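Engineer: predicted model and sequence below, questions to follow.
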Amino acid sequence: MNPSELTLLVTLIAAIAVLYSCVGHGGASGYIAIMMFFGLIPAVIKPTALILNILVSSIAAFQFYKAGYFRWSLFWPFACTSIPFAYIGGHLTLPIEIYRIAIGITLLLFAMRLLIRAPLHKNEFRHPSTVVSLSMGATLGLISGLIGVGGGIFLSPLLILMGWAGIKETAAVAAVFVLVNSASGLLGHMNAAQNIPPMALVIAAAAVCGGITGSYFGSRRLPLLTVQRALSMVLCIAGYKLIFV
């Protein structure tokens, strides 16, 4: 990769990190699409996307937690089943093209639904039952492991459309959810491949800068409606990537 291509790659990675982190996501679906466009091989793409996901989601988690939006009671039932199932999904090799298309279409529908829904406020929350959260966590974890993302793109619209959390509370929970699932996926990769591509270290700084910027504005400066529209854009990118890339 020549210097001009590397500069463009780093710039795009930083931009994706800004957009995704402002809604509590790590950005794996965006990073994967960009790296595929630049012709990087899958052995580089998957671990690199997971590393960037961990970095950006950890920054977003810190910012939204510090701003007071994280809800442990909402997070833990989803996470305790998603983590082992994400690890299992990461080890499975299945013909999942039909599932990818179906999930991509679902994300696009979620994005359109969010665009026409007013943001929820604290007095409108309904807490899900533990059984439902555990079941959905396992399902989301398995799908995330199969596809190779942290799972925030699935958890966020679920929390909002079911009325379980507001926009910024969803971002806080999604950030930690992405962090733990990405770490689980990377652990599975390391156990199988035992290598970290040098490219990951080269572009990590760009992702960190973008993550700091996006998560700060998403947690403290941007109004609810703007963050909701940003989430819709993220879901559109993810849905397009699953269907067409």
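Structural biologist: Arrived safely.

Engineer: could you count how many residues lie near Gly137?
Structural biologist: 26 (other C-beta atoms under 10 Å). Where you see a C-beta, it was placed from the backbone N, CA and C, and this is true even at glycine.

Engineer: buried set for the helix or strand Gln228 falls within?
Structural biologist: Using DSSP states H and E, Gln228 maps to helix 224-244. Residues of helix 224-244 classed as buried by neighbour count (16 or more other C-beta atoms under 10 Å): 227-242.

Engineer: ok, residues contacting that helix?
Structural biologist: 19-20, 22-23, 25, 29-30, 32-33, 100-101, 103-108, 110-112, 114-115, 117, 119, 147, 149, 153, 156-157, 160, 166-168, 170-171, 218, 222 (C-beta atoms under 8 Å, 6 or more residues apart in numbering).

Engineer: give the buried subset of these as a PyMOL selection command.
Structural biologist: Selecting only the buried entries of the contacts of helix 224-244 in PyMOL, with 16+ other C-beta under 10 Å as the criterion:
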select buried, resi 19+20+22+23+25+29+30+32+33+100+103+104+107+108+110+111+114+119+147+149+153+156+157+160+166+167+168+170+171+218+222
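
Engineer: relative to Ala28, how far out is Ile59?
Structural biologist: For Ile59, the distance to Ala28 (C-beta to C-beta, to the nearest Å) stands at 15 Å.

Engineer: of these two, give the one with the bigger neighbour count.
Structural biologist: Ala28 (35 against 25).

Engineer: do I have it right that the more buried one meets Leu52?
Structural biologist: Yes - counting by C-beta atoms under 8 Å, Leu52 is a contact partner of Ala28 at 7.3 Å.

Engineer: tell me the helix or strand right after the lowest-mean-pLDDT helix or strand in the chain.
Structural biologist: The least trusted helix or strand in the chain, going by mean pLDDT, DSSP states H and E, turns out to be helix 97-115, with a mean of 82. As assigned by DSSP H and E, the chain's next helix or strand after helix 97-115 is helix 130-147.

Engineer: mind saving the C-alpha coords of that following helix as PDB?
Structural biologist: The C-alpha trace of helix 130-147 is given here as PDB (Å, rounded to 0.1, in the frame of the first residue of the first chain):
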ATOM      1  CA  THR A 130     -34.400 -11.400  32.600                       C
ATOM      2  CA  VAL A 131     -35.400 -14.500  30.600                       C
ATOM      3  CA  VAL A 132     -36.000 -12.400  27.500                       C
ATOM      4  CA  SER A 133     -32.700 -10.600  27.900                       C
ATOM      5  CA  LEU A 134     -30.800 -13.800  28.400                       C
ATOM      6  CA  SER A 135     -32.400 -15.400  25.300                       C
ATOM      7  CA  MET A 136     -31.800 -12.300  23.100                       C
ATOM      8  CA  GLY A 137     -28.200 -12.000  24.400                       C
ATOM      9  CA  ALA A 138     -27.500 -15.600  23.300                       C
ATOM     10  CA  THR A 139     -29.100 -15.000  19.900                       C
ATOM     11  CA  LEU A 140     -27.300 -11.700  19.300                       C
ATOM     12  CA  GLY A 141     -24.000 -13.100  20.400                       C
ATOM     13  CA  LEU A 142     -24.200 -16.100  18.100                       C
ATOM     14  CA  ILE A 143     -25.100 -13.900  15.100                       C
ATOM     15  CA  SER A 144     -22.400 -11.400  15.900                       C
ATOM     16  CA  GLY A 145     -19.800 -14.200  16.100                       C
ATOM     17  CA  LEU A 146     -20.900 -15.700  12.800                       C
ATOM     18  CA  ILE A 147     -20.800 -12.400  11.000                       C
END
